[in-house]
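*Asks:* Fold the following.
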Amino acid sequence: MEQVVARENVMVALSGKAAEPDRRWEGAPDRPPLPRFPMTRADFHTPVLAQQIARLARGRRRAVDGTAGGGGHTAILRNAGAEVLAIDRDPEAVTAARARLATEGATWVSGCFAAPEILAAIARFGPDFILLDLGVSSHQIDCDVRGFSFRPGVVLDMRMSGKGPSAADLLNEMSEQDLAILFRTHADERRARPLARAIVARRARHAFTISDDLVNAIRQVLGPRSGPGDFARLFQAVRIAVNRELEELERGLPLLRDALRPAGLLAVIAYHSGEDRIVKHTFREWCRTCVCPPEFPVCRCRGHALGRLVTRRPIMADDAEVADNPRARSARLRVFEHE
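*Replies:* Take a look at the predicted model:
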């Protein structure tokens, strides 16, 4: 039902676009359409850093794939001999992966890894390995109905779960100040304030509904030479805000750590600098013996480290993997071992 509604929204957005031709790729009438990446069935479940995850999973008995997506990493964990609790906030992804991989050796759950009921299920499961592969899946990007892409005419949705405010709602309702903060913090955009101002001015004339609305605002501020790299970075910032990804990561990490059995591993693959920064600083803090403020004359904190870093530096995809799967280029894997 949600998919049908989404398709209807796309048609409404496209019909509105046709009535307002100035909203489509303003200032660049001769610009060719952005390249479409053809999606094959394999693309839906191509796991990043597969060999590294397989090595980490050796000898593990109960593993949680907290962001199962198409099930690529779930299959790796299961093939390593672990019983797997596979979780994803996208119910469409859960349905597709469960149909492809079946249920033998894996239990499939729809929900966010940081949701209280999901965290309770993870704690009951008692894992010795937890994996988070953050970000958005290839399927979600390539499926225009889901609204993650900046291809022309795509509805501004970006909700991984299909629930709550959409990207269009966010762009139409956030204050200029909050929009500027969003683009500055989530996209490192130097012209965040002018971009926020342009969005507010444009939405006063017509509500944002499709990708062209945001693309044209970006082009107005960054200039006609702005391209896919700028669009991808700024659309990603909106997606992160829509799904509250950084907040859920910060909230979920310590609770996932506490759900691990002794000597259990927490592995996180991040693609965004903000995500990776949170993981890096959190893991480092857990490895400190004392976290008291410097002015304290006597230690009053926990007084011991909570575990150790397995990866002093992030593990990254090699050239061969990047050539085969370009979206692995920005992947950063960090691993923490619980005490």
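
*Asks:* which residues make contact with the host helix or strand of A96 from outside it?
*Replies:* Following DSSP states H and E, one finds A96 within helix 91-101. Counting by C-beta atoms under 8 Å, 6 or more residues apart in numbering, helix 91-101 makes contact with 3, 44-45, 68-71, 74-75, 78, 86, 88, 106, 108-110, 137, 139-140, 161-162, all of which sit outside it. Every C-beta, even on glycine, is put in place using the N, C-alpha and C of the backbone.

*Asks:* Filter those residues down to the buried ones and express that as a ChimeraX selection.
*Replies:* With 16 or more other C-beta atoms under 10 Å as the criterion, this ChimeraX line picks the buried residues out of the contacts of helix 91-101:
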select :44,45,68,69,70,71,74,75,78,86,88,106,108,109,110,137,139,140,161,162
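
*Asks:* List the ones among the contacts of helix 91-101 that fall in helices.
*Replies:* 3, 74-75, 78, 139-140 (DSSP state H).

*Asks:* Let's see which of the contacts of helix 91-101 end up in strands.
*Replies:* Counting by DSSP state E, the members of the contacts of helix 91-101 that fall within strands are 86, 88, 106, 108-110.

*Asks:* now, the most widely separated pair of those residues?
*Replies:* The distance between the two most remote of the ones in strands among the contacts of helix 91-101 (C-beta to C-beta) is 13.5 Å, for A106 and S110.

*Asks:* Between all of the ones in helices among the contacts of helix 91-101, which two are separated the most?
*Replies:* Maximum pairwise distance among the ones in helices among the contacts of helix 91-101 (C-beta to C-beta): 27.9 Å, between Q3 and R78.

*Asks:* that's a helix at L131, yeah?
*Replies:* No: under DSSP: H, G, I helix; E, B strand; the rest coil, L131 sits outside any helix and is assigned strand.

*Asks:* any idea how far D178 is from it?
*Replies:* 33 Å (C-beta to C-beta, to the nearest Å).

*Asks:* cool, and R61?
*Replies:* Distance from R61 to D178, by C-beta to C-beta: 45 Å.

*Asks:* Can you get me the centre-to-centre distance for stretch 142-155 and its chain?
*Replies:* Centroid displacement of stretch 142-155 relative to its chain, using C-alpha atoms, centre = their mean, to the nearest Å, is 16 Å.

*Asks:* And that stretch, what's buried?
*Replies:* 142-155.

*Asks:* now swap in stretch 186-195 and tell me
*Replies:* 186-187, 189, 191-195.

*Asks:* Filter those residues down to the ones in helices?
*Replies:* If you go by DSSP H, these have 186-187, 192-195 in helices.

*Asks:* Tell me which helix or strand V322 sits in.
*Replies:* Assessed by DSSP H and E, V322 sits inside helix 319-324.

*Asks:* Show me what that helix is packed up against.
*Replies:* For helix 319-324, not one helix or strand is in contact under the criterion 3 or more C-beta pairs under 8 Å, 6 or more residues apart in numbering; DSSP states H and E.

*Asks:* any idea which residue sits dead centre in this structure?
*Replies:* Centroid check for the chain by C-alpha atoms, centre = their mean gives G135 as the closest residue, at 1.9 Å.

*Asks:* Can you list the residue ranges for helices in the stretch 201-339 of the chain?
*Replies:* 211-222, 228-242, 245-259, 273-286, 319-324 (DSSP state H, counting those that start in this stretch).
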